[in-house]
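# What follows is a predicted structure for the sequence shown.
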Amino acid sequence: MPLSSRWLWIAALLVLGGFLYVLHPILSPFLIGILIAYIGDPLVDRLERLKLSRTWGVIVVFALFTLLMAVAMLVLIPMLGKQLARLYELLPQIIDWTQNQALPWVQVKLGLNEGFWRFDQLKAAISGHLGQTTDIAGLILSQVTASSLALMAWVANLLLIPVVSFYLMRDWDLLVAKLRGLVPREKESVVVKLVGECHEVLGAFLRGQLLVMFALGVMYAVGLMAIGLELGLLIGVLAGLASIVPYLGVVVGIGAALVAGLFQFGGEPFPLLAIAGVFVVGQMLEGMLLTPLLVGDRIGLHPVAVIFAIMAGGQLFGFTGILLALPVAAVIMVLVRHMHELYKNSDAYGGHNPTV
């Protein structure tokens, strides 16, 4: 590539980065709409192959997404709200149990000085806050409605998401074809190859890993609730969400579940063994069935890279950066892999027949 063309591409990338940085406060509904359209496009394509028009295929997929959201809002969210309220009420008791039973045992076992941990100030702050209000929903609502303009903007963004996703899903194939038509002809094969690899990585992660997260969240929540763990649903959902990073979900879930189990059941071994068994079974099913079936070995994103990408995106661009983190990380990974292949085949490395 000529030097002038390289500088032109670098300048275009810098302009795009500045554009995203300036406009990132309003990009969230568009990015969520793109994500929904990207996930739903294969379903629409499958319906098209069944002789259904593109518009009606989008309507069917949209109706399915709406049904799932309605079920979540009518069934799951109220149950989670109750468990969050219960956790909020139990916090002082959990701190008491931790301070008076768990930590003294740890101090004796490890030989630490008495009073090494002090929770008095934390307990007083939580208890005082509980005395001020016990209505979490009312507290959140009061914060949201403190500014009518912010509330209107939040509602507008929420209503914008289905509109953006509907039109993008309907015109997805057309937009992809137009973008491909803009690629320089002599570079089309290379660009199509790289985009295909990015699509394979993102598709495997976004579609496959999201299904794995959902399945694990359901298994953990059902298993913990069957044992009788009071906060089983909340911990199961949390563990499922944390499973976006491989092995993080089981670490977070089993840690929180064992703490909640110790607080609820005391030192009884059978409930604690049952809690551990839920996560062992979940990991076995994930490793032998869910991940090979839904994801395969196509992701290629290292867990540390996933964690770093999410944290860096959130630090730089907030919630918008979190939405952009994994796609950008996947693209960078594909480009780095391609540059590694070029280097291995270059004269600098000592190979032959360098490719472009």
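Noted; the coordinates are in hand.

# where does this protein have low pLDDT?
Scanning the chain for pLDDT under 70 picks out the ranges 1-6, 106, 109-151, 294-303, 319-320, 323, 350-356.

# mind redoing it with 90?
Applying pLDDT under 90 to the chain flags the ranges 1-55, 57-58, 61-217, 227-234, 237-253, 255-272, 282-356.

# what's the distance between the residue nearest the centre of it and Asp347?
Residue closest to the average C-alpha location in the chain (C-alpha atoms, centre = their mean): Ile244, at 5.4 Å. As for Ile244, its distance to Asp347 is 42 Å (criterion: C-beta to C-beta, to the nearest Å). The way it works is simple: take the backbone N, C-alpha and C, and place the C-beta from them, glycine included.

# likewise Met73?
Remark: distance between Met73 and Asp347 (C-beta to C-beta) = 60 Å.

# cool, and Val61?
Separation of Val61 from Asp347 (C-beta to C-beta) stands at 50 Å.

# what does Leu216 give?
Distance, Leu216 to Asp347, by C-beta to C-beta: 48 Å.

# For those two, work out which one has more neighbours and name it.
Using other C-beta atoms under 10 Å as the criterion, Leu216 and Asp347 rank with Leu216 on top: 25 against 8.

# Helix or strand: which one has that one?
If you go by DSSP states H and E, Leu216 is part of helix 210-227.

# Would you mind pulling the contact partners of whichever helix or strand comes after that helix?
Beyond helix 210-227 on the C-terminal side, the first helix or strand identified by DSSP H and E is helix 232-242. Helix 232-242 is contacted from outside by 76, 79-80, 83-84, 87, 213-214, 216-226, 229, 248-254, 256-257, 260, 279, using C-beta atoms under 8 Å, 6 or more residues apart in numbering.

# try stretch 42-55
Contacts of stretch 42-55 (C-beta under 8 Å, 6+ apart): 56-58, 60-61, 64, 169-170, 172-173, 203, 207.

# Would you map the helices across the stretch 251-356 of the chain?
Using DSSP state H, counting those that start in this stretch, the helices of the stretch 251-356 of the chain run over residues 269-285, 303-317, 319-344.

# and of those, who's closest to Arg180?
Among the helices of the stretch 251-356 of the chain, the nearest to Arg180 by C-beta to C-beta is helix 319-344 (16.5 Å).

# Measure how the closest one sits relative to helix 303-317, angle-wise.
130 degrees (axes from the mean of the first three to the mean of the last three C-alpha atoms, to 10 degrees).

# starting at the chain centroid, how far to helix 319-344?
18 Å (C-alpha atoms, centre = their mean, to the nearest Å).

# what does stretch 275-295 give?
That offset, for stretch 275-295, works out to 18 Å (C-alpha atoms, centre = their mean).

# Just the buried residues of that stretch, please?
By 16 or more other C-beta atoms under 10 Å, the buried positions in stretch 275-295 come out as 275, 278-279, 282-283, 286, 290-291, 294-295.

# do the same with stretch 219-234
In terms of neighbour count (16+ other C-beta under 10 Å), stretch 219-234 has its buried residues at 219-221, 223-225, 227, 229-234.

# what's the answer for stretch 317-334, then?
By 16+ other C-beta under 10 Å, the buried positions in stretch 317-334 come out as 317, 320-327, 329-331, 333-334.

# Secondary structure element holding Leu174?
Assigned by DSSP H and E, Leu174 belongs to helix 172-181.
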